[in-house]
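Q: Build the 3D model from these lines:
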Amino acid sequence: QVQLVESGGGLVQAGGSLRLSCSASERAFSSVAMGWFRQAPGKEREFVAYIWWGAGRTYYADSVKGRFTISRDNAKNTMYLQMNGLKPEDTAVYYCAAGQRYSNNWSRGSAYNAWGQGTQVTVSS
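A: Presented below is the predicted three-dimensional model:
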């Protein structure tokens, strides 16, 4: 069974930092790739970052590049999203996702077959 549980969200002032965690079942952590997405109120879900195990590759949305870092800890079956320099426009529910079949575009939500329940990030100005 593929299970993903996010944690680490909260309220932070603009310019601050948060680290989100995605605890994954072993099956989820053996996925081809894992990613982070977010959804703000009244907006569509958007891609944030992914990490593609086999290629050893990470990729970020332009809006977070240089501020966010995606990483994994194999020993803990956990993926992280370190978020620095947070802005009010980063306010959203953040979701982690796992994709178990190859995709040629990991920035699309449809590439992933398992999702966590989300964690709220609120950035005050």
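Q: contacts and neighbour counts: CA atoms only from here.
A: Will do.
Q: now the strands: where do they sit in the protein?
A: Ranges of strands in the chain, per DSSP state E, are 4-7, 10-13, 18-24, 33-39, 46-52, 57-60, 68-73, 78-83, 92-99, 114-115, 119-124.
Q: which outside residues touch the helix or strand bottoming out on mean pLDDT in the chain?
A: One helix or strand of the chain scores below all others by mean pLDDT, DSSP states H and E: helix 26-29, with a mean of 77. Residues from elsewhere that reach helix 26-29 (CA atoms under 8 Å, 6 or more residues apart in numbering): 1-4, 77-78, 98, 100, 114.
Q: So for that helix, what gets flagged as buried?
A: For helix 26-29, burial by neighbour count (16 or more other CA atoms under 10 Å) applies to 26, 28-29.
Q: which one of the contacts of helix 26-29 sits closest to Phe68?
A: Proximity of the contacts of helix 26-29 to Phe68 (CA to CA) peaks at Thr78, which lies at 16.5 Å.
Q: The closest one - how many residues pack around it?
A: Thr78: 20 surrounding residues under other CA atoms under 10 Å.
Q: Hmm, Ser30 and it touching each other?
A: No - look at Thr78 against Ser30 with CA atoms under 8 Å: they stay out of range, at 11.2 Å.
Q: got the contact list for the residue nearest to the spatial centre of the chain?
A: Central residue of the chain (CA atoms, centre = their mean): Trp36, 2.0 Å from the mean position. With contact taken as CA under 8 Å, 6+ apart, Trp36 is in contact with 47-50, 81, 94-97.
Q: Highest neighbour count among those residues?
A: Result: Cys96 is most packed of those (other CA under 10 Å), 31 neighbours.
Q: Is the residue nearest to it when sequence neighbours are not counted bridged to anything, and to what?
A: In this structure, Cys96 finds its nearest non-sequential neighbour in Trp36, 4.5 Å apart by CA to CA, 6 or more residues apart in numbering. Using DSSP bridges, the beta-bridge partners of Trp36 come out as Ala49, Cys96.
Q: Lovely, talk soon.
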